[in-house]
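> Mind folding the following:
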Amino acid sequence: MGSRSVSEGRVGDDQDSSRFVGPSQSAYDDIRRQLERILASDGFARAERMSRFLRFVVEQTLRGRGDQLKEYLIRVEVFDRRESFDPRIDPVVRGEARRLRLKLKEYYDSEGQNDPVRVVLPKGSYVPRFEPASIIRSALETPAATAAHRPKAIAVLPFLNLSSDNENEYFSDGLTEEIIHALGKVKGMSVVARTSAFQFKGRAYDIRKLGEQLNVQTVLEGSVRKAGERLRITAQLINVSDGYHLWSETYERKMEDVFAVQEEISNAIVNALKPFCQEEPSVIRRASENLEAYHLFLKGRFHNRKRTEGGLKRAIEFFHQATEIDPNYAAAYAGLAESFSLLAHKGLFWPREVMPKARTAALKAIALDGQVSEAHMALGFVKSVYEWKWEKAECHYQQALQVASYGNAEAHHWYSSDYLAPLGRLDEALQQMLHAQFVDPLSHLINSSLGFVLIMRREYDRTIDHYRKCLELDSSYYHFYTGLGRAYAQKGMLDRALECFVKGKELSGDLPYITGVIAHCHAMMGRFSQAEKLLGELLLLAQERYIPSTTLALVYSGLNNLDEAFRWLERAFAERECSLVYLNVYPTYDNLRQDPRFHALIDRIGFPPIPTVRPA
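This is a model prediction of the structure:
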């Protein structure tokens with residue numbers, strides 16, 4: 001299969017829009033920032049459908065798909081109409097386009113009047129035009145010129161570990177991530193996020209189909225062979241449209257030269273794609289010059305990515321060892337902060353034991369290097385879901401977004417799910433999560449969290465459709481089943497919900513919180529004996545290990561024992577459990593909202609005023 005067309009076409013009959021004024025390479029990143037600025041404005045933040053429309057046409061245009069922006073595509077993809085719709089009797093796209101033009105004009109006449117970039121939707125067209133506010137272009141670029149200036153999109157696939165020792169997999173994965181991070185800092189280059197790229201680890205793939213799935217024009221693949229202190233690294237850059245190599249090289253080095261090899265590979269890629277880059281990068285920021293500390297850091301990150309209790313504990317051990325060898329290793333402290341945070345976030349450990357450690361490690365990382373995005377993310381997480389210091393939390397999340405590379409979807413993800421959503425800023429939360437999904441389309445975690453935000457928005461049918469598509473992506477991921485089950489439960493389809501929860505429990509390795517969700521579902525179905533049996537199992541387990549109090553409160557609320565439900569919520573408050581911050585927005589708690597104890601608890605958590613939760 002060939003690559004997608006990158007030419008831009010006209011839509012409609014207006015003569016002034018016969019050509020698309022596309023982004024030059026110097027304006028590309030500015031356009032993306034401008035889009036987020038517009039969507040966060042007062043006028044758009046409250047207009048979800050219009051915001052979806054604007055984001056869709058801008059992102060499709062920047063990805064070279066302006067020629068596909070026809071009424072039919074927008075109608076189906078943005079407004080969720082059936083494919084059989086008749087535009088003659090259902091003119092929603094044209095009507096919404098008129099309103100969008102007016103809304104953009106209102107924005108630029110008020111709060112956006114000093115913005116550096118103007119986004120214009122020409123009359124009769126669905127292809128946006130981007131104009132510098134200070135100098136409106138006098139000449140229109142041709143479609144060919146526009147295609148030539150598009151940034152190069154690249155996927156860095158996991159380097160194969162050809163070493164005899166399987167333990168060296170951490171190194172091949174680490175090398176891959178370092179190159180992804182380096183290229184993500186290069187202006188004019190779009191890099192697929194790590195999670196999506198690693199979906200292809202150990203799998204056979206067709207290079208053309210892969211390019212289409214990830215919407216990239218080039219793919220970097222390679223291998224690593226480590227024998228003692230010698231390294232042999234091969235890398236090749238491939239054009240996905242025809243499968244030809246644009247560049248390939250083999251590096252024979254000593255292990256002590258690993259940083260230099262990373263620089264050589266990254267610079268070679270940039271040189272091969274030089275027409276699409278705006279500057280010569282210093283691509284590798286050497287966070288540590290100590291090779292032993294660097295290897296420990298890579299091992300820590302390798303285990304951190306597993307997101308299991310055992311993996312996170314191992315990650316903490318390796319990150320801690322790295323900081324002992326190199327006390328100035330900011331990235332290792334950031335890894336510690338993230339790992340401690342995730343132990344609490346996943347309900348695997350007592351928050352009061354691990355969250356202060358996360359805070360200390362994050363502060364240390366920031367003191368050493370304020371440009372480490374992961375440290376700001378972790379500190380923002382601590383400030384929001386543990387300390388409930390909302391203004392300080394947002395400052396750190398914004399810092400994380402500011403210093404993150406374009407391909408870092410995690411900053412948008414954490415900001416959405418752990419700050420905006422708990423505060424009821426659900427339109428902004430959705431926009432940030434959709435951006436994360438755009439950057440990292442195959443991420444299981446991001447796709448799962450997107451469904452979580454949709455549930456909080458009470459968009460249950462849309463949630464069900466989303467999770468069904470996720471299961472087509474991977475039918476073995478437990479979170480997709482539990483998310484689908486929650487949506488079914490909110491629609492009153494409890495039999496289907498229970499099936500999903502049971503399947504999720506089987507795939508998860510028997511996580512306690514899923515047992516609680518199943519018990520709650522039994523209670524809602526009137527099967528009180530089954531619910532009480534599972535509750536008893538959880539109470540016994542709680543004597544041996546940490547079980548989130550919110551899980552037990554959920555079961556008691558299903559059994560309509562509100563006194564016990566609030567008693568466990570009070571324990572969750574005392575422990576400052578992470579999941580407690582969703583109390584004011586998650587629909588499962590709706591049966592508690594009329595109780596005065598609920599509002600007293602909300603006040604004590606210190607939520608700022610939030611929008612009213614949307615009705616179902």
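
> shaky segments in the stretch 151-300 of the chain?
151-152, 187-188, 270, 273-288 (pLDDT under 70).

> domains of the chain?
Per automatic domain parsing, the structural domains of the chain span 15-137, 152-286, 511-616.

> Is it possible to get JSON lines of these that adds mean neighbour count?
(C-beta placed from N, C-alpha, C; glycine too.) Converted to JSON lines, the domains of the chain look like this (neighbours: other C-beta atoms under 10 Å):
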{"stretch": "domain 15-137", "mean neighbour count": "17"}
{"stretch": "domain 152-286", "mean neighbour count": "18"}
{"stretch": "domain 511-616", "mean neighbour count": "17"}
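
> where does this structure have low pLDDT?
1-29, 63-67, 80-91, 124, 132-152, 187-188, 270, 273-288, 405-407, 609-616.

> which stretches of it form strands?
117-120, 129-132, 152-156, 160-161, 189-191, 218-227, 230-239, 245-254 (DSSP state E).

> And the domains of the chain: which comes nearest Q321?
With C-beta to C-beta, the closest approach to Q321 among the domains of the chain belongs to domain 152-286: 13.5 Å.

> returning to what we had before: distance to S373 added to the domains of the chain, as JSON lines?
Listed next are these as JSON lines, based on distance: least, C-beta to C-beta, whole Å:
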{"stretch": "domain 15-137", "distance to S373": "16"}
{"stretch": "domain 152-286", "distance to S373": "10"}
{"stretch": "domain 511-616", "distance to S373": "20"}
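
> Redo the strands of the chain as a markdown table? Include distance to S508.
Below are the strands of the chain laid out as a markdown table (distance: least, C-beta to C-beta, whole Å):
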| stretch | distance to S508 |
| --- | --- |
| strand 117-120 | 43 |
| strand 129-132 | 45 |
| strand 152-156 | 29 |
| strand 160-161 | 28 |
| strand 189-191 | 31 |
| strand 218-227 | 32 |
| strand 230-239 | 37 |
| strand 245-254 | 41 |
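
> Minimum distance to A574: which of the ones you listed has it?
Nearest to A574, of all the strands of the chain, is strand 189-191, at 43.7 Å by C-beta to C-beta.

> was I right about N408 contacting G184?
Yes - look at N408 against G184 with C-beta atoms under 8 Å: they come within range, at 6.6 Å.

> contacting residues for the residue nearest to L342 when sequence neighbours are not counted?
With sequence-adjacent residues excluded and distances taken as C-beta to C-beta, 6 or more residues apart in numbering, L342 is closest to L312, at 5.6 Å. Going by C-beta atoms under 8 Å, 6 or more residues apart in numbering, L312 touches H303, N304, K306, S339, L342, L343, L348.

> which residues sit in contact with the second one?
When contacts are counted by C-beta under 8 Å, 6+ apart, N304 touches G311, L312, A315, F319, G335, E338, S339, L342.

> how close does it sit to V156?
For N304, the distance to V156 equals 19 Å [C-beta to C-beta, to the nearest Å].

> Ok, P422 next?
P422 is 34 Å from V156, by C-beta to C-beta.

> ok, now M377?
For M377 relative to V156 (C-beta to C-beta), the value is 22 Å.

> and what of A400?
On the measure of C-beta to C-beta, A400 and V156 end up 22 Å apart.

> can you give me the helices in the stretch 151-300 of the chain?
169-184, 194-197, 207-214, 258-272, 291-304 (DSSP state H, counting those that start in this stretch).

> cool, and the stretch 451-600 of the chain?
460-473, 478-490, 494-508, 512-524, 528-541, 549-558, 562-575, 596-605.

> okay if I get these as CSV plus distance to N290?
Listed next are these as CSV, based on distance: least, C-beta to C-beta, whole Å:
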stretch, distance to N290
helix 460-473, 40
helix 478-490, 37
helix 494-508, 38
helix 512-524, 40
helix 528-541, 43
helix 549-558, 42
helix 562-575, 38
helix 596-605, 43
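
> what's the closest of the domains of the chain to I446?
domain 152-286 (7.3 Å).

> I'd guessed D30 sits against P116; true?
Yes - using C-beta under 8 Å, D30 makes contact with P116 at a distance of 6.2 Å.

> contacting residues around H245?
Q236, L237, I238, N239.

> same thing but 7 Å
Q236, L237, I238 (C-beta atoms under 7 Å, 6 or more residues apart in numbering).

> What's the local residue count around the closest residue to I316 other than its chain neighbours?
Take I316 and drop its neighbours on the chain: the residue closest to it by C-beta to C-beta, 6+ apart is S339, 4.9 Å away. Neighbours of S339 under the rule other C-beta atoms under 10 Å: 29.

> quick one: L534 and L540, what's the gap?
L534 sits 11 Å away from L540, taking C-beta to C-beta as the criterion.

> Now do the nearest residue in space to Q530 that is not next to it in sequence against Y481, distance only.
Spatial nearest neighbour of Q530, chain neighbours left out: H522 (4.2 Å); criterion: C-beta to C-beta, 6+ apart. Counting by C-beta to C-beta, the gap from H522 to Y481 is 17 Å.

> My guess is V117 contacts Q34. True?
Yes - here V117 reaches Q34: they are 4.1 Å apart, a contact under C-beta atoms under 7 Å.

> So G243 is in contact with D206, correct?
No - contact between G243 and D206 fails when scored by C-beta under 7 Å: they sit 9.3 Å apart.

> Near the nearest residue to H413 once chain neighbours are set aside, how many other residues are there?
Leaving aside its sequence neighbours, H413 sits nearest to A436 (C-beta to C-beta, 6+ apart; 4.3 Å). Residues lying near A436 (other C-beta under 10 Å) number 28.
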